[in-house]
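Undergrad: Structure, please.
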Amino acid sequence: MADNLAYQDDYVEEYRSEMLNGIIVMMAPASSTHTYVSGNIFYCLKRHLEGRQCVPFGDNLLVHLTEQDQFIPDVMVVCDHSKIRQDGIYGAPDLVVEVLSPSTARNDRGYKKSAYESAGVREYWLVDAAHRSIEVYILENGRFAVDNICTLYSPEALSRMTDEEQAAISTELHCHLYDDLVIPLEDIFSSPF
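TA: Got it, this is the predicted structure:
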């Protein structure tokens with residue numbers, strides 16, 4: 001049955017998968033924290049982008065970067081409407097957000113980051129829900145450069161820091177697509193559980 005291509009297509013559609021360098025990689029189910037954090041990010045982007053050119057998308061939409069690379073980002077923003085089709089996004093989104101999980105972190109930090117960079121994604125966020133931090137990468141001269149690392153520390157952790165260390169902490173996420181889009185980390189990492 002595994003050789004049956006129709007069966008393989010059904011399996012891939014029923015169970016979420018991505019294609020990395022031509023290899024189909026099955027995606028593990030997301031945790032409640034992962035889903036909640038990506039939902040918070042989508043909500044903040046959707047609220048801010050209402051009525052603007054750029055469109056945010058949540059999880060489950062396939063991005064066709066190349067024939068060999070087809071990913072499902074947790075959240076993305078697309079400003080060029082010609083890239084948007086019923087079955088996915090064709091070409092590089094302007095912003096891609098990946099919420100790290102143990103099974104995907106290596107690909108998100110490695111191969112996928114490189115593929116997004118090569119495709120021309122303008123901004124890439126790596127979100128670590130467990131440590132309540134976000135790494136922001138900006139495309140500069142064809143390469144991703146770290147723009148900022150924002151972390152929401154617990155009150156206990158803050159109490160062990162000096163005033164200078166606390167002053168150096170960035171607790172707001174600045175989106176480079178829109179200068180007026182600033183998201184407090186509390187809005188992203190707040191959780192009812």
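Undergrad: The closest residue to residue 143 other than its chain neighbours: what secondary structure?
TA: The spatially closest residue to residue 143, leaving aside those adjacent along the chain, is residue 117, at 6.4 Å (Cβ to Cβ, 6 or more residues apart in numbering). All C-beta atoms are positioned from the backbone trio N, CA, C, and that covers glycine. Assigned by DSSP: H, G, I helix; E, B strand; the rest coil, the conformation of residue 117 is helix.
Undergrad: next one: residue 135
TA: Following three-state DSSP, residue 135 is assigned to strand.
Undergrad: Now do the same contact list for the closest residue to it other than its chain neighbours.
TA: Nearest-residue entry for residue 135: residue 126, 4.4 Å, with adjacent residues in sequence omitted and distances by Cβ to Cβ, 6+ apart. For residue 126, the residues meeting the contact criterion (Cβ atoms under 8 Å, 6 or more residues apart in numbering) are 98, 100, 108, 109, 113, 134, 135, 137.
Undergrad: So what are the sheet partners of the helix or strand hosting the first one and their directions?
TA: Element membership for residue 98 (DSSP states H and E) is strand 95-99. When pairing is defined by DSSP bridges, strand 95-99 lines up against strand 75-78 (antiparallel), strand 123-128 (parallel).
Undergrad: Could you single out the most deeply buried of the ones you listed?
TA: strand 75-78 (a mean of 26; mean count of other Cβ atoms under 10 Å).
Undergrad: so what strands line up beside the helix or strand following that one?
TA: Along the chain past strand 75-78, the next helix or strand (assigned with DSSP H and E) turns out to be strand 84-85. Each strand that pairs with strand 84-85, with its direction, by DSSP bridges: strand 88-90 (antiparallel).
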